[in-house]
Every structure is written in C-alpha cells, then in structure tokens.
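here you go, sequence then predicted model.
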Amino acid sequence: MLEMSCRSRKTRLKAAPKYAGRKVPCPACKTKIRIPKRQKQLRKLRESDSEDESTANVVKWWKKRVVAALAATVALLVLIVPVFP
C-alpha cells in the first residue's frame with residue numbers, strides 16, 4: 001500500500017499501488033490528492049535506512065572508545081595498586 005496525507009484534513013491515507021502517480025479525491029473532503037509513485041517511497045526508505053546505519057556507526061565508534069578507556073584504566077590500576085599495600 002502507498003501512503004499519503006490529505007493537506008486540508010491532515011489525515012493519513014492509503015492507496016493500492018495501481019493508483020501510483022494519479023490524482024484522486026480525498027474520501028472525506030474531496031480535495032484532489034496526488035498518490036506518490038513507488039520510487040519516491042523507496043527513496044525515502046533508503047534514506048531512513050542510511051540514517052540508521054550512520055547512527056549505528058557512531059554507536060560502534062563510541063563503544064570502541066569506551067572499551068579502550070576502560071582497558072587503560074584497568075591497566076593503570078593493576079600497575080598502581082601493587083605499589084600501595
């Protein structure tokens with residue numbers, strides 16, 4: 001199903017893929033609404049997926065840094081603790 005919204009009523013509507021690219025009246029207010037083509041929706045999905053991937057990359061980067069900082073802290077504690085009985 002393709003999704004769009006009526007500008008005058010601000011409601012979400014769905015249409016079958018066979019109506020892609022056509023203008024149809026809103027069932028409630030009869031305003032003409034253009035049903036988006038599949039390519040536009042696929043592009044939006046790809047963009048949102050790439051945003052999710054970039055967020056995942058940032059999380060991975062931070063996890064590596066936190067693990068490295070913890071390892072350095074543990075190494076320092078191992079070196080310092082034996083000095084002070």
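Cool, got the structure.

ok, which stretches of the protein are helices?
38-80 (DSSP state H).

quick one: low-confidence parts of this protein?
For the chain, the stretches flagged by pLDDT under 70 are 38-53, 83-85.

can you give me the domain boundaries for it?
The record's domain parsing of the chain by automatic domain parsing lists 2-36, 39-83.

what's the end-to-end length of the shortest one?
Just to be clear, that refers to domain 2-36. End-to-end distance for domain 2-36, by CA to CA, to the nearest Å: 7 Å.

buried residues in it?
Buried residues in domain 2-36, counting neighbours by 16 or more other CB atoms under 10 Å, are found at 2, 4, 6, 13, 15, 20, 26, 33, 35. C-betas here are computed from N, CA, C, even on glycine.

can you put those residues in JSON lines and add distance to residue 60?
Putting the buried residues of domain 2-36 into JSON lines (distance: CB to CB, whole Å) gives the following:
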{"residue": "2", "distance to residue 60": "34"}
{"residue": "4", "distance to residue 60": "36"}
{"residue": "6", "distance to residue 60": "41"}
{"residue": "13", "distance to residue 60": "39"}
{"residue": "15", "distance to residue 60": "39"}
{"residue": "20", "distance to residue 60": "37"}
{"residue": "26", "distance to residue 60": "45"}
{"residue": "33", "distance to residue 60": "42"}
{"residue": "35", "distance to residue 60": "39"}
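
among these, which ones are in strands?
2, 4, 6, 13, 15, 33 (DSSP state E).

adding distance to residue 75, write these out as CSV.
As requested, the ones in strands among the buried residues of domain 2-36 are arranged in CSV below (distance: CB to CB, whole Å):
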residue, distance to residue 75
2, 57
4, 58
6, 62
13, 60
15, 61
33, 63
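
which one of the residues you listed sits closest to residue 78?
Nearest to residue 78 among those is residue 2, at 60.7 Å by CB to CB.

wait, the closest one touches residue 14, no?
Yes - the pair residue 2 / residue 14 is scored as a contact, 6.8 Å apart, by CB atoms under 8 Å.
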